[in-house]
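*Asks:* need coordinates for the below:
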Amino acid sequence: MTNYKVNKIVKGNVSGIEKYGIFINLENFYTGLIHISEISNDYIKDINDYVNLGEIVYVKILSIDEQKNQMALSIKNLDYRLKETNFKKSKIKEVGTGFELLEKCREKWIAEKNQ
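*Replies:* Sure, this is the predicted structure:
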C-alpha cells in the first residue's frame with residue numbers, strides 16, 4: 001500500500017516525452033502519464049516547451065491503477081516546476097568558465113602566494 005491518493009500533489013521525474021504526453025517516474029516503482037490534455041488549458045504546439053527530460057516536477061494524481069503501478073497525472077493549473085531556492089540563496093558567485101579565467105587570475109595568485 002502506498003501513500004498515493006487521488007488529487008494528491010507529488011514530485012516525479014520526467015522520464016519520457018512523446019507527442020501525446022509526458023511520462024513520469026514516481027517513488028515505489030510507480031509510473032505515470034500526463035496526457036497532452038492535462039498539461040495546459042492553452043494550445044500546445046510542442047510539449048518540450050513545458051518540461052525537459054530528467055526534470056523533477058510536481059504532478060497531481062488523477063487516477064491510480066494499483067495492479068499496474070500506473071497513474072494518470074496532470075500539471076494543468078499547477079505551479080509544477082520546482083523552485084531553485086538552493087541556487088538563489090547560495091553565496092557562490094559565478095565568475096566565468098574555461099581557461100581564460102585562470103589565465104587572467106594566474107599572475108594575481110602567484111603574487112599573493114609570494115608575499
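
*Asks:* got any ranges where the chain has weak pLDDT?
*Replies:* Residues of the chain that meet the criterion pLDDT under 70 lie in 1-2, 83-98.

*Asks:* ranges for the strands of it?
*Replies:* Taking DSSP state E as the test, the strands found in the chain are 9-18, 21-25, 31-35, 56-65, 70-74.

*Asks:* so which other helices or strands are in contact with the third one?
*Replies:* Packing contacts for strand 31-35, counted by 3 or more Cβ pairs under 8 Å, 6 or more residues apart in numbering; DSSP states H and E, involve strand 21-25, strand 56-65, strand 70-74. Where C-beta positions appear, they are placed from N, C-alpha and C, glycine not excepted.

*Asks:* out of those strands, nearest to residue 108?
*Replies:* Residue 108 sits nearest to strand 56-65 of all these, at 39.6 Å, using Cβ to Cβ.

*Asks:* picking that back up, for residue 44, which of the helices and strands packed on strand 31-35 is the nearest?
*Replies:* Minimum separation from residue 44 across the helices and strands packed on strand 31-35 (Cβ to Cβ) falls at strand 21-25, 10.1 Å.

*Asks:* list the buried residues of the closest one.
*Replies:* Neighbour-count burial for strand 21-25, with 16 or more other Cβ atoms under 10 Å as criterion, is recorded at 21-24.

*Asks:* of those residues, just say which sits nearest to residue 13.
*Replies:* residue 24 (6.7 Å).

*Asks:* dump the strands of the chain into CSV; add distance to residue 44 as well.
*Replies:* Below are the strands of the chain laid out as CSV (distance: least, Cβ to Cβ, whole Å):
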stretch, distance to residue 44
strand 9-18, 12
strand 21-25, 10
strand 31-35, 11
strand 56-65, 16
strand 70-74, 13
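
*Asks:* so which of these is nearest residue 46?
*Replies:* Taking Cβ to Cβ, strand 9-18 is the member of those nearest to residue 46, at 9.5 Å.

*Asks:* give me the residues contacting that closest one.
*Replies:* Residues from elsewhere that reach strand 9-18 (Cβ atoms under 8 Å, 6 or more residues apart in numbering): 4, 22-27, 31-32, 47-48, 51-61, 73, 78, 82.
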